[in-house]
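In: the sequence and its predicted three-dimensional model are supplied below.
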Amino acid sequence: MTLHRLFPLRLRQTIAQVRLLHGSGCGHQLEEVAMEPELRKETSVFRTQVNDPACQSERHLGQYYTLPTSHLHTIFPHGLPARYQQQVKTFNEGCVMVRQPALELISYLKAADYSKPAVRYLLYGLKGSGKTMSLCHTIHYCSTQGWLVLHIPDAHLWVKNCKELLPSSYHTSRFDQPIEASNWLRNFRTTNERFLSKIKLRQRYTWTKRESTEKGSPLGELVDMGVSRVKSSSDVVGAVLKELRLQAAETEESEGFRLAVAIDGVNSLWGRTTIKKEDKSPVAPEELTLIHNLRKMIDNNWCGGAVIATLSQTGSLYSPSSAYLPKELLGEEGFDSMDPFIPVPVSNYSEKEFESCYLYYLDRHWLQHPHSESHSPQTCILVWSFLIPYFN
Amino acid sequence: MAQNACILSHRQNLHGDLHIPESLCWGLQSTTFSKMAASITGLLKPWTPRLFLVRWSRYNPYYLEPEPRKELYNMPETELTTEQKEERELKAVRPIKATTNSTTSSVFNDPVLSKFVNMMMRDGEKILARGILTQTLESLKRKQVEKYHKAPQGKKAEIECNPYAIFHQALENCMPVIGLASIQKGGKFYQVPVPLTDNRRRFLAMKWMITECRDNKNRRTLMYEKLSQELLAAYSKEGNVIKRKHELHKMAESNRAYAHYRWW
C-alpha cells in the first residue's frame, strides 16, 4: 500500500480515525498526532505523459495528465468549475487527475452499441467529490474521439436569477430566456466549429414574417442567427437540439456523428425555479423553453449517442444540503424520466490520490510552508481537508 | 414608611462604601496587590484571589508566559543553552498564565498574524477577520506562483512564493525606525523625535496598513484584494504605507533640534 511509503504507523491510525469521524458525521477536527521524525520518502509518480483519454487505463489511476492549451480554450469555454479555472490560471497549465469514475464512464462509452437508443449515465456523490471534473474528463474523451458535444455547464443557472423573461413566440404558455440562450449558443459555436458547416438542416424554420432559415442550409447559419437575434435565441436552441437529435441516428458511413449530451446539475430540470412571472406567481420548469427542450434531449428515444449527467446539490433550489443520492435530488418526476440510467458513484480521494495531489502541489510550488522532518503540514492538510477533493 | 426607607437607603449611600462599579473594584484590588507584589517578587508564594476574572485581569508577575511551540519541548538536553536550562527549571516550579483561545501549538500558528487579525477585527467578528487574512494570503500566493510559472528560468529563483515570508518582510519594511512624541515645554507642545519600542513599531506598521486599505480603496474592491496589493507593494518598498513611514521619518529629521526635550 502506498500509505506505508509516506505515512508512518501513527499517521495511518490518524487516517483511520478520520474515516470513522467522517462516517459518523461528527464534523469535529482531529488534533494533530505528534509525529516522530521517521520517514522513508520514496519518489512516487504523479504525472503521466499519456494525454489522450482513450489510451488511459487503470495503470494511470491517481496520476495527472495535461490538457493541451488549445483544447482548454475550444472544448471548455464554459465547462470547468470556477476554482479549477483559477488553478489553471495560477499554474499556467491544466492538469486533470485520472480517477476511477471517469475511467469507468469512458470504458462504458467505448463498449456501448450506438445503433440502440441513447444510454443515460448519472454521476452522483458527496459535495466536492469531483463529479464536474469527472464529467469534464469524459467530455475531453468525447471531443478527442470526434463526437459532437452538447455541454450545458450548469443547468441550475437556467432556473434562477433570470434578468429577462420573455413570453415565447412559438408557444403562448411558455417563457423564453434570451440572455442565457445566446450565451450558450456562443459557447456551443466555439466548441463544435468543425460540425457547423457539415450538418445541414432538414426543415425550414420561420422566425418572423420576413426571416426564415431554409432547409439544407448549414447549422452554422442557424447558430449565428441565434447569437445575433437575441429575441429568438431560445427557439434557435430548441431547433438545434431537435436537428442534432434527428441526425445523430445516422450511421457512420454516411457522414454521421455521435452526440454527447453533457448536463451538469440535471436535478434542476425537475425541481422548482425561483423565477417569477409578472403577477408574482412562480414559473414551473416545464414553462421555460430551454428546460422543455432539454427534457426532450434526455428522453431515450434517439440513437447514436449518450447522455452524461451530473447531480449537484450546491446550486440547487429548495433541496436539503445533506442530500446527494439520485432519488433524493431528482425527485419522483425526475427519477421516472431518467429511469433507466447507469449510476456512477464518485467518492472522495483515496490515500494514493491524496498523495498524488500533494506531490503535484509540491511540484507546482503551491505548498509553501517549510517542511519539517516531522510531516506536520502534511498531517494537517490530510486531517483538515477530510480527503475531499474540493478542499485540496 | 416608604419615605423612611428612601432616607435610610440615601444615608447608607452617603455613609456606606462608595458605590464603585464592580470591574473597577477588581481592578483596584489587583493594581494595589501587584504593586506590593512587584516589590517583593522574590519572596512570593503563588497566590491568586479566590475569584479571578481572567479577561481584564493583570496576572501576578510571579506567573510565567506560556510557550506554545512544540519544537522547543522536543529539543534534547545537550542543545540547550544555560539560559534555556534555567528557564526550564523555573517552569517546573512557577505557575503559568493561561493562553488566549486563539493560540495553538500547530505549525501554522504565528503571533504576528494573530495580532494582525485582532487589529483587523470589528465588533468581535474574528471569523470574518481571519477569513479575510486567509484570502489575502491565498491571493498573495496565487499572484506570486503565477509570476513564477511565467518567468524565464533564470529569474525563477528571485520570486518569493511563500505568503508568510512576504507578509513578514512587508511589515518589516513598513515599520518606522523613529517616532514622534508630543512633549509640553514652556506652555507649547513640540513634536519630539523619540525611539520606539518593538511593539510600538509593529503596531504602527499594522495600523497604517489596515487604515490605508480601509480608506483608500474603490468601493467595489474587496479588502483582501486591496490588502494583497498593498502587501506586495510594501514588499518591494513602494506604495502608500511606505510613503507614510518616510513622511514620519522626514518629520522626525526636521524636528531634530528638539531632540534634547526628551528626558528618557
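Out: Alright, I've got the coordinates.

In: can you pull the contacts of residue 196?
Out: Looking at chain A here, since you left the chain open. Residues near A:Leu196 by Cβ atoms under 8 Å, 6 or more residues apart in numbering or on different chains: A:Arg189, A:Pro218, A:Leu219, A:Gly220, A:Val223. From N, CA and C alone the C-beta is placed, and that goes for glycine too.

In: please go with chain B instead
Out: The contact partners of B:Leu196, taken as Cβ under 8 Å, 6+ apart, are B:Pro176, B:Val177, B:Ile178, B:Gly179, B:Leu204.

In: for the chain, just list every one of the helices.
Out: Here I'm looking at chain A. Counting by DSSP state H, chain A has helices at residues A:2-6, A:9-24, A:69-75, A:82-91, A:100-111, A:131-144, A:178-191, A:193-196, A:219-228, A:233-247, A:289-298, A:326-338, A:351-363, A:376-385.

In: my question was about chain B, not that one.
Out: B:2-15, B:22-39, B:71-74, B:82-93, B:111-120, B:126-150, B:163-174, B:198-215, B:223-235, B:240-254.

In: contacting residues around A:Ile152?
Out: Contacts were defined as Cβ under 8 Å, 6+ apart; by that measure A:Ile152 touches A:Trp158, A:Trp184, A:Ala262, A:Ile263, A:Asp264, A:Leu294.

In: make CSV from the helices of chain B and add mean pLDDT, distance to chain A and mean neighbour count to it.
Out: Below are these laid out as CSV (pLDDT from 0 to 100; distance: least, Cβ to the nearest Cβ, whole Å; neighbours: other Cβ atoms under 10 Å in any protein chain shown):
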stretch, mean pLDDT, distance to chain A, mean neighbour count
helix B:2-15, 42, 52, 9
helix B:22-39, 52, 34, 12
helix B:71-74, 83, 8, 11
helix B:82-93, 86, 19, 10
helix B:111-120, 95, 13, 16
helix B:126-150, 95, 4, 18
helix B:163-174, 95, 7, 20
helix B:198-215, 95, 21, 16
helix B:223-235, 96, 13, 21
helix B:240-254, 96, 23, 15
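
In: burial count for A:Gly220?
Out: Applying other Cβ atoms under 10 Å in any protein chain shown, we find 16 residues neighbouring A:Gly220.

In: quick one: the closest residue in space to it that isn't next to it in sequence and B:Gln169, what's the gap?
Out: Nearest-residue entry for A:Gly220: A:Leu196, 3.3 Å, with adjacent residues in sequence omitted and distances by Cβ to Cβ, 6 or more residues apart in numbering or on different chains. Distance, A:Leu196 to B:Gln169, by Cβ to Cβ, to the nearest Å: 54 Å.

In: that older thread, now, among the contacts of A:Leu196, which is nearest to chain B?
Out: Using Cβ to the nearest Cβ, A:Arg189 comes nearest to chain B of the contacts of A:Leu196, at 29.6 Å.

In: tell me the phi and psi of A:Asn348?
Out: phi -70, psi 180 (degrees, to the nearest 10).

In: ok, how many other residues are close to it?
Out: Residues near A:Asn348, counting by other Cβ under 10 Å, number 21.

In: repeat for A:His73
Out: Residues near A:His73, counting by other Cβ under 10 Å: 10.

In: for the closest residue to it other than its chain neighbours, which residues are in contact?
Out: Distances taken as Cβ to Cβ, 6+ apart put A:Thr190 closest to A:His73, at 7.8 Å, once the chain neighbours are dropped. For A:Thr190, the contact set (Cβ under 8 Å, 6+ apart) comprises A:His73, A:Thr74, A:Pro77.

In: for A:Lys280, find the nearest of the helices of chain B.
Out: A:Lys280 sits nearest to helix B:126-150 of all those, at 34.7 Å, using Cβ to Cβ.

In: quick one: stretch A:172-185 to chain centroid distance?
Out: Relative to its chain's centre, stretch A:172-185 lies at 22 Å (Cα atoms, centre = their mean, to the nearest Å).

In: list the buried residues of that stretch.
Out: Across stretch A:172-185, burial judged by 16 or more other Cβ atoms under 10 Å in any protein chain shown covers A:Arg174, A:Phe175, A:Asp176, A:Gln177, A:Pro178, A:Glu180, A:Ala181, A:Ser182, A:Asn183, A:Trp184, A:Leu185.

In: widest-spaced pair of these?
Out: The largest distance within the buried residues of stretch A:172-185, taken as Cβ to Cβ, falls between A:Arg174 and A:Asn183 and amounts to 19.4 Å.

In: of the contacts of B:Leu196, just say which sits nearest to A:Gly146.
Out: Ranked by distance to A:Gly146 (Cβ to Cβ), the contacts of B:Leu196 are led by B:Leu204 at 64.8 Å.

In: who touches that closest one in this structure?
Out: B:Met175, B:Pro176, B:Gly179, B:Leu196.

In: how much space separates the last one from chain A?
Out: Put plainly, it is B:Leu196. The gap separating B:Leu196 from chain A is 30 Å, by Cβ to the nearest Cβ, to the nearest Å.

In: now the third one
Out: B:Gly179 sits at a distance of 33 Å from chain A (criterion: Cβ to the nearest Cβ).

In: neighbours of that residue, just the number please.
Out: Using other Cβ under 10 Å, B:Gly179 is surrounded by 19 other residues.

In: what bridges to it?
Out: B:Gly179 has these beta-bridge partners by DSSP bridges: B:Val194.

In: repeat that for the one 4 residues further on.
Out: Listed beta-bridge partners, B:Ile183: B:Tyr190 (assigned using DSSP bridges).

In: quick one: it and B:Pro193 touch, right?
Out: No: assessed by Cβ atoms under 8 Å, B:Ile183 is found out of contact with B:Pro193, at 10.4 Å.

In: so what sits against both of these two?
Out: Taking Cβ under 8 Å, 6+ apart as the criterion, B:Ile183 and B:Pro193 both touch B:Tyr258, B:Arg262.

In: of the two, who's got more company?
Out: B:Pro193 (21 against 15).

In: pick the most deeply packed of the helices of chain A.
Out: Each of the helices of chain A was scored by mean neighbour count; the highest is helix A:131-144, a mean of 24, by mean count of other Cβ atoms under 10 Å in any protein chain shown.

In: got the contact list for that helix?
Out: Residues from elsewhere that reach helix A:131-144 (Cβ under 8 Å, 6+ apart): A:52-54, A:67, A:71, A:75-76, A:79-81, A:84, A:96-99, A:101-102, A:105-106, A:109, A:123-125, A:149, A:151, A:191, A:258, A:260, A:262, A:264, A:308, A:310-312, A:344, A:346, A:389.

In: show the buried residues in those.
Out: Neighbour counting by 16+ other Cβ under 10 Å classes A:53, A:67, A:75-76, A:79-81, A:84, A:96-99, A:101-102, A:105-106, A:109, A:123-125, A:149, A:151, A:191, A:258, A:260, A:262, A:264, A:308, A:310-312, A:344, A:346, A:389 among the contacts of helix A:131-144 as buried.

In: with pLDDT added, can I get the contacts of B:Leu204 in CSV?
Out: Listed next are the contacts of B:Leu204 as CSV, based on pLDDT from 0 to 100:
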residue, pLDDT
B:Met175, 96
B:Pro176, 96
B:Gly179, 95
B:Leu196, 95
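
In: how about residue 227, what does it touch?
Out: Here I'm looking at chain A. Neighbour list for A:Val227: A:Ser182, A:Leu185, A:Arg186, A:Arg189, A:Ser233 [criterion: Cβ under 8 Å, 6+ apart].

In: correction: the question concerned chain B.
Out: Neighbour list for B:Leu227: B:Ile132, B:Thr136, B:Met209, B:Cys213 [criterion: Cβ under 8 Å, 6+ apart].

In: ok, residue 211 - contacts?
Out: Just going to use chain A. A:Met225, A:Arg229.

In: A:Ser316: which of the contacts of B:Leu227 is nearest?
Out: B:Ile132 (28.8 Å).

In: return the member of the buried residues of stretch A:172-185 nearest to chain B.
Out: Taking Cβ to the nearest Cβ as the measure, A:Asn183 is the one of these closest to chain B, at 23.1 Å.
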